[in-house]
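A.B. asks: here is a sequence together with a model predicted from it:
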Amino acid sequence: MFNFGSRQKISAKDAYENLQKDPSIIVLDVRTKQEFKRDGHIKKAINISVDMLNENTVSNLKDKDATIYVVCYSGSRSAMGVSIMKKLGYTKVFDLGGMIFWPYEIVRG
């Protein structure tokens, strides 16, 4: 894990290892529903398009101190997603970057 200003990044390797150890970590995939289904996603990921991220759409994520990894296709939307989540008051939000850099198992459909 490393910090770029206020945006904390996490590598795919570190994220994968952490997800194996801690099932409470939330993966927030901010791609479109079509990308999420068509291209596959990380197991148990929650899909909310970055364009739709707001207080209402994340209301089921009640613990603002939960660890959240934000991912998209290439990394630009995940950075925006981290920024939005922090503005909404979430404290442990990490930029996982893009699915194109995720070498581990994905779920399709």
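C.D. replies: Okay, I see it.
A.B. asks: wait, a strand at residue 27?
C.D. replies: Yes - looking at residue 27 with DSSP: H, G, I helix; E, B strand; the rest coil, it is inside a strand.
A.B. asks: follow the chain on from the longest helix seen in the chain and name the next helix or strand.
C.D. replies: In the chain, assigned by DSSP state H, the helix with the most residues is helix 76-87. Using DSSP states H and E, the next helix or strand after helix 76-87 towards the C-terminus is strand 92-98.
A.B. asks: other SSEs contacting that following strand?
C.D. replies: strand 7-9, helix 12-21, strand 67-72, helix 76-87 (3 or more Cβ pairs under 8 Å, 6 or more residues apart in numbering; DSSP states H and E). Any C-beta I mention is one placed from the backbone N, CA and C, and that applies to glycine too.
A.B. asks: one more time with 10 Å
C.D. replies: With contacts taken as 3 or more Cβ pairs under 10 Å, 6 or more residues apart in numbering; DSSP states H and E, strand 92-98 sits against strand 7-9, helix 12-21, strand 26-29, strand 67-72, helix 76-87.
A.B. asks: okay, the ones you listed, which one's buried deepest?
C.D. replies: For those, ranked by mean neighbour count under the definition mean count of other Cβ atoms under 10 Å, the leader is strand 67-72 at a mean of 25.
A.B. asks: residue 34 - how many residues pack around it?
C.D. replies: Neighbourhood size, residue 34 [other Cβ atoms under 10 Å]: 9.
A.B. asks: element containing it, please.
C.D. replies: helix 33-39.
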